[in-house]
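> pasting the structure only:
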DNA sequence: GAAGCTTGTTACTTAGTGTCACAAACAGGC
DNA sequence: GCCTGTTTGTGACACTAAGTAACAAGCTTC
């Protein structure tokens, strides 16, 4: 309950709750019960309450959990409160979709730069940002500090960008391409793979 | 080993292996060891071998696993071989990125239609497809059969599309919006939430 | 003040995971 | 042809996490 690391399972479930809570907040709800969270996450209500009660008494009996305060509490537990700078690579369709969607902003991530090598894209506005040339990465990295690099580039360019990010001290890379990226062991690569997630869902719900 | 359902954990890991195998194949590799898979998935090599050996002897001792045949075997285990029709909703940046990326095609998913309500988008080509008006959904659903609906629409439109998909008999919905979607209990909604996945990664690798 | 929820918490059972260990099989070098 | 090194396949076992049931405490509403 102090500096102990959460287990993988607990952290995964807390993240899941966070997702539902954020969505529920967006839909205008202010309070939610463990039963309701259970319906959206497929996690046992008792399990949810136990996960949460291990860190404090966040709920009100007979009412449920206040969404705003629970979001804040979970983010404290996950030690991810505050703002985190992320850099986005690739200003194609995917990059633009990410930059303008707000999915990251809702969770405390600030896109501090969007980079591309295509001269026709550099200088163009995307959301509230302007596309910068990839060569400016190192100076931006020094100025503001980048915690996460998001790769929305073609497969063939992904490893090179990852290498540069590693050289700049970035420890977390979120890979939207289908490249298999090699990094030192102290760097984490998370690859988005919606098709595989679909296969997983298919197995359970069509068999 | 016959009709028993896999446990959640096993199915999740198999999907994860599939992801890495597909990536490795793309990178030109033809064979891979459990040790190598372990490095990309953070799953114990012994665990990987046990997961696989439960269904047959797929590897060659001293060599590793043949990537092509292992991909096929895992897809058989997950019972997701063959083609699956998916319908894509929303022809904005995200929809176009999905339609042109090939991430779904690589895993046996065929995009059988891309729909939008914006008259300026209907009729426009996106990848190998042409954007159809949303009103044509029901006829397409009857003609070809849709197994999965992918929502790349704004939050406010997501629930309505989901309702129509449910009415058309679709059982799996992949939601890229941040809407909280309600469906009957026999329908599965999988919501993409990259920001939450990032928070999860942040917890483990920056704390 | 009473009825009905919902949380917080305990105890117990069940199932999955990590780990060590080792034999069997394959490739490559000599 | 044989030896060396590598990698799979598999057993045993401890450990941890997750599912389940049950119930008291506390809040809201009528």
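Looks like it arrived, so ask away. Predicted, not measured: the structure shown is a model, and the values here were computed from it. Numbering: from 1, shown residues only, chains lettered A, B, ... in the order given.
> Do you have the strands of chain A handy? List them.
Using DSSP state E, the strands found in chain A span residues A:31-32, A:59-60, A:64-66, A:84-89, A:109-116, A:125-126, A:129-133, A:148-151, A:172-175, A:188-191.
> of those strands, which approaches chain B most closely?
With CB to the nearest CB, the closest approach to chain B among the strands of chain A belongs to strand A:188-191: 4.6 Å. Yep, even glycine has a C-beta here, placed from its N, CA and C like the rest.
> Show me what the closest one is packed against.
strand A:172-175, helix B:194-206 (3 or more CB pairs under 8 Å, 6 or more residues apart in numbering or on different chains; DSSP states H and E).
> same thing but at 10 Å, please
strand A:148-151, helix A:155-167, strand A:172-175, helix B:8-26, helix B:194-206 (3 or more CB pairs under 10 Å, 6 or more residues apart in numbering or on different chains; DSSP states H and E).
> Please identify which of these is closest to DNA strand C.
Distance to DNA strand C, taken as CB to the nearest atom of the strand, is lowest for helix B:8-26 among the helices and strands packed on strand A:188-191, at 2.2 Å.
> so does the closest one get close to chain A?
Yes. Helix B:8-26 comes into contact with chain A (CB under 10 Å from any CB of the partner chain), by way of B:8, B:11-12, B:14-26.
> residue ranges with poor pLDDT in chain A?
A:1-4, A:206-207 (pLDDT under 70).
> Would you check how far apart the residue nearest to residue A:56 when sequence neighbours are not counted and residue A:6 are?
Distance criterion CB to CB, 6 or more residues apart in numbering or on different chains; nearest residue to residue A:56, sequence neighbours excluded, is residue A:73 at 6.9 Å. Here residue A:73 is placed at a distance of 14 Å from residue A:6 (CB to CB, to the nearest Å).
> any shared contact partners between these two?
A:14, A:55 (CB atoms under 10 Å, 6 or more residues apart in numbering or on different chains).
> Contact residues of chain A facing DNA strand D?
Within chain A, the positions lying close to DNA strand D (CB under 7 Å from any atom of the strand) are A:7, A:9-10, A:13, A:43-44, A:46-47, A:50, A:60-63.
> now those in a markdown table, with neighbour count and distance to residue A:81?
Formatted as a markdown table, the residues of chain A next to DNA strand D follow (neighbours: other CB atoms under 10 Å in any protein chain shown; distance: CB to CB, whole Å):
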| residue | neighbour count | distance to residue A:81 |
| --- | --- | --- |
| A:7 | 9 | 21 |
| A:9 | 10 | 22 |
| A:10 | 17 | 18 |
| A:13 | 19 | 19 |
| A:43 | 18 | 23 |
| A:44 | 12 | 27 |
| A:46 | 10 | 27 |
| A:47 | 15 | 24 |
| A:50 | 12 | 23 |
| A:60 | 10 | 23 |
| A:61 | 6 | 27 |
| A:62 | 6 | 29 |
| A:63 | 10 | 25 |
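> okay, among these, which ones form the most distant pair?
Farthest-apart pair in the residues of chain A next to DNA strand D is A:7 and A:62; separation 30.4 Å (CB to CB).
> could you measure residue A:83 against residue B:136, distance?
Distance from residue A:83 to residue B:136, by CB to CB: 44 Å.
> Burial check on the nearest residue to residue A:26 once chain neighbours are set aside, number of neighbours?
Among residues not flanking residue A:26 along the chain, residue B:178 sits closest, at 6.0 Å (CB to CB, 6+ apart). Using other CB atoms under 10 Å in any protein chain shown, residue B:178 has 21 neighbouring residues.
> With residue A:85 instead?
Counted with other CB under 10 Å, residue A:85 comes out at 17.
> Next: the one 4 residues further on.
Burial measure for residue A:89: 26 neighbouring residues, criterion other CB under 10 Å.
> What residues are bridge-paired with it?
When assigned by DSSP bridges, residue A:89 has beta-bridge partners residue A:115, residue A:151.
> Roughly how far does it sit from residue A:157?
For residue A:89 relative to residue A:157 (CB to CB), the value is 8 Å.
> hey, what's in contact with both of the two?
Contact criterion CB under 10 Å, 6+ apart; residues shared by residue A:89 and residue A:157: A:117, A:134, A:151, A:177.
> so what's the most far-flung residue of chain A relative to its centre up against?
What lies farthest from the middle of chain A is residue A:62; by CA atoms, centre = their mean that is 32.6 Å. Residues in contact with residue A:62, defined by CB under 10 Å, 6+ apart, are residue A:33.
> switch to 8 Å and redo it
By CB atoms under 8 Å, 6 or more residues apart in numbering or on different chains, no residues touch residue A:62.
> Quick one, which of the residues of helix B:8-26 next to chain A are buried?
B:11-12, B:14-25 (16 or more other CB atoms under 10 Å in any protein chain shown).
> Tell me how chain A divides into domains.
A:8-77, A:84-194 (automatic domain parsing).
> Adding distance to residue A:203, write those domains out as a markdown table.
Listed next are these as a markdown table, based on distance: least, CB to CB, whole Å:
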| stretch | distance to residue A:203 |
| --- | --- |
| domain A:8-77 | 15 |
| domain A:84-194 | 15 |
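> what's the most buried one of those?
Stretch with highest mean neighbour count among the domains of chain A: domain A:84-194 (a mean of 19; mean count of other CB atoms under 10 Å in any protein chain shown).
> starting at the chain centroid, how far to that one?
With CA atoms, centre = their mean, to the nearest Å as the basis, domain A:84-194 stands 13 Å off its chain's centre.
> Quick one: end-to-end distance for that domain.
24 Å (CA to CA, to the nearest Å).
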